[in-house]
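just a sequence and a predicted model for now, questions to come.
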Amino acid sequence: KRVKFKQLEDVPIELLEKALEVGKVAFERLKRKDLSYFELSTEGLSEEAVKLGFLDHVQATSAQQGDQYGFRHLTVQEYLAALYACKRLLKSGSDIVGLVEELGCGQNAGHLNTFWVFVSGLIDSSLQDCLFQKIVGAPAPTKEAPIGKEAPTIK
């Protein structure tokens, strides 16, 4: 059964955790410009990522290969990668410059254009508080009340 959520606040934390798990794989593969199919076990993912609709199953082309999986569409990979990147930014309190440097943005970074559109949308101030609350489990820090070390964190 397909479930739609009207707001980020309505997304169960377990689903967000799974999206972030798949997002880490999406981020690492996007960083390497690797858009090929992969085996779930080599990326540390389970069949649940397929059942949740993040990945598609592709039959193996030879007996030597295991079943292959890939993101439903490049934009799905880019969005999940951006979600993971924003989680890292929000949890670490770092700025976006480090992320830009890590991804090696420059003349050969055209493959990241849509990723950056998603990142900018996710870190928009109107979404930041909600995303921070979901990811960190505490209200977003303010100048008056910076984030405390005791704030619960997502796995």
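Now that the structure is in, tell me what you want to look at. Residues are numbered from 1 along each chain as shown.

let me see the contact set for the closest residue to Phe54 other than its chain neighbours.
Nearest non-adjacent residue to Phe54, counting by Cβ to Cβ, 6 or more residues apart in numbering: Val22, 4.6 Å away. In short, each C-beta sits where N, CA and C put it, glycine included. By Cβ atoms under 8 Å, 6 or more residues apart in numbering, the contact set of Val22 is 45, 49, 54-55, 80.

can you check Ser41 too?
Taking Cβ under 8 Å, 6+ apart, we find Ser41 in contact with Gly66.

state the distance from it to Val25.
12 Å (Cβ to Cβ, to the nearest Å).

and Thr61, what element?
Of the helices and strands defined by DSSP states H and E, none includes Thr61.

again, but for Gly70
Remark: Gly70 resides in strand 68-71, with elements defined by DSSP H and E.

which non-adjacent residue is nearest Gly44?
In space, and not counting its chain neighbours, Gly44 is closest to Val25: 7.4 Å by Cβ to Cβ, 6+ apart.

report the contact partners of the one you found.
Listed by Cβ under 8 Å, 6+ apart, the contact set of Val25 reads 43-45.

export those residues as CSV, with columns for distance to Lys91.
Output for the contacts of Val25, formatted as CSV (distance: Cβ to Cβ, whole Å):
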residue, distance to Lys91
Glu43, 22
Gly44, 20
Leu45, 21
